[in-house]
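[1] Okay, predicted coordinates and the sequence, questions at the end:
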Amino acid sequence: MAAADPTTRTGRAPARMQVDSLCRYPVKSMLGESVDRLFVDERGADGDRRLALLDAATGHVASAKQARLWRGLLQCTARGDAGGVSIVFPDGTRVAADDPQADELLSRLLGRAVRLISRRDPGATVERPDPEKLLALGLDAEVEGIVLEIGKATPGESFTDDAPLHAITTATLAHIGVEALRYRPNVVIATPPGYRPYAENDWAGSELTVGAARLRVIEATPRCVVPTLEHGPLPLAPQALRTPGAENRVRTSGSEAQRPCAGAYLEVVEPGVLVPGDAVVRTG
């Protein structure tokens with residue numbers, strides 16, 4: 001696979017850091033949508049991960065981190081507008097998320113009884129098998145994992161895992177050689193020529209001013225198996241985990257081990273609207 005293009009959407013490398021693209025994912029673990037403006041506040045990105053599927057058998061929130069059960073979600077696309085969220089299935093069928101048929105269609109697609117939920121209950125959990133073991137043993141292997149409580153760093157009821165927002169630079173993407181959507185960022189930051197990949201590691205504790213918004217960088221983003229999976233028509237991409245696993249292992253909160261990382265987790269200090277082309281100014 002060719003390396004990701006390090007230039008902005010205009011085709012020119014920027015002279016400073018700036019917003020290249022913005023994304024949100026209305027339903028957890030489904031494909032999302034690019035947007036031309038994105039309001040962010042302490043709850044994260046407007047319309048991002050506001051819905052999720054609940055597994056009737058286990059009570060866990062469905063996440064493609066448990067690829068054996070849930071990687072089929074990445075064949076669906078969720079889109080949001082003033083009328084609510086709609087889901088596009090692999091065969092092109094489009095269903096409103098609040099349609100009574102949605103749960104039945106999703107259960108049939110995934111082979112498990114699920115229901116869409118719009119509120120994250122206290123203590124909501126996902127299963128996270130060791131991603132590197134999954135790559136080694138196969139995505140259908142029953143790899144023992146851990147059960148994680150999600151959303152602890154995000155006020156409100158959305159289904160973010162560890163932080164309200166996620167950003168990644170074009171320098172990191174170009175170095176690894178994968179598409180941005182595999183890492184499911186909210187903000188892709190275009191960087192100037194010569195910018196070091198994985199520089200997001202060094203941003204922890206600093207602030208990013210983007211338009212009127214101020215964002216604080218929490219830490220580098222540990223990667224799970226999701227970026228390696230098929231995303232719609234995109235094929236498997238094991239390098240999305242193996243490359244940072246070989247080059248960029250970082251000890252992050254909640255783990256005693258160093259884990260493969262790419263990108264950065266953020267929280268919102270001052271809310272605002274982000275648009276592509278906004279300068280990204282780092283302080284601290």
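    Yes, it's here.

[2] need the contact list for G83.
    For G83, the contact set (Cβ atoms under 8 Å, 6 or more residues apart in numbering) comprises A96. Just so you know, the C-beta spots here come from the backbone N, C-alpha and C atoms, and that holds for glycine as well.

[3] now do 10 Å
    A96, D98 (Cβ atoms under 10 Å, 6 or more residues apart in numbering).

[4] which sections of this structure are below the confidence cut-off?
    1-12 (pLDDT under 70).

[5] One more pass at 80, please.
    1-13, 254 (pLDDT under 80).

[6] Alpha carbons only: can I get stretch 131-151 in PDB?
    Taking C-alpha atoms only, stretch 131-151 is exported to PDB below (Å, rounded to 0.1, in the frame of the first residue of the first chain):
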ATOM      1  CA  PRO A 131      -4.200  -6.800  19.900                       C
ATOM      2  CA  GLU A 132      -0.700  -8.200  19.100                       C
ATOM      3  CA  LYS A 133      -1.800 -11.700  20.100                       C
ATOM      4  CA  LEU A 134      -4.800 -11.400  17.800                       C
ATOM      5  CA  LEU A 135      -2.500 -10.500  14.900                       C
ATOM      6  CA  ALA A 136      -0.300 -13.500  15.700                       C
ATOM      7  CA  LEU A 137      -3.000 -16.000  16.300                       C
ATOM      8  CA  GLY A 138      -5.700 -14.800  13.900                       C
ATOM      9  CA  LEU A 139      -8.700 -12.500  14.300                       C
ATOM     10  CA  ASP A 140     -11.000 -15.400  15.100                       C
ATOM     11  CA  ALA A 141      -8.800 -16.700  17.800                       C
ATOM     12  CA  GLU A 142     -10.400 -16.700  21.300                       C
ATOM     13  CA  VAL A 143      -7.700 -14.500  22.900                       C
ATOM     14  CA  GLU A 144      -8.200 -13.800  26.500                       C
ATOM     15  CA  GLY A 145      -8.600 -10.100  27.100                       C
ATOM     16  CA  ILE A 146      -9.500  -7.600  29.700                       C
ATOM     17  CA  VAL A 147     -12.800  -5.800  30.400                       C
ATOM     18  CA  LEU A 148     -12.500  -2.000  30.400                       C
ATOM     19  CA  GLU A 149     -14.800   0.600  31.600                       C
ATOM     20  CA  ILE A 150     -15.300   3.200  28.900                       C
ATOM     21  CA  GLY A 151     -15.800   7.000  28.900                       C
END
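
[7] Only the buried residues of that stretch, if you could.
    P131, E132, L134, L135, L139, V143, G145, L148, I150, G151 (16 or more other Cβ atoms under 10 Å).

[8] Turn these into TSV, including distance to F89.
    Listed next are the buried residues of stretch 131-151 as TSV, based on distance: Cβ to Cβ, whole Å:
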residue	distance to F89
P131	27
E132	31
L134	25
L135	28
L139	21
V143	28
G145	28
L148	28
I150	25
G151	27
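
[9] what's the closest non-adjacent residue to the spatially most central residue of the chain?
    By Cα atoms, centre = their mean, the chain has its centre lying nearest to R184, at 2.9 Å. With Cβ to Cβ, 6 or more residues apart in numbering as the criterion, R184 has its nearest non-adjacent residue at 6.1 Å, and that residue is Y25.

[10] Which members of the buried residues of stretch 131-151 occur in strands, if any?
    Residues of the buried residues of stretch 131-151 located in strands (DSSP state E): G145, L148.

[11] Quick check: R68 is in a helix.
    Yes. Assessed by DSSP: H, G, I helix; E, B strand; the rest coil, R68 belongs to a helix.

[12] give the contact list for the nearest residue to it once chain neighbours are set aside.
    Among residues not flanking R68 along the chain, D140 sits closest, at 5.2 Å (Cβ to Cβ, 6+ apart). D140 makes contacts with A67, R68, L69, R71, L134, as judged by Cβ under 10 Å, 6+ apart.
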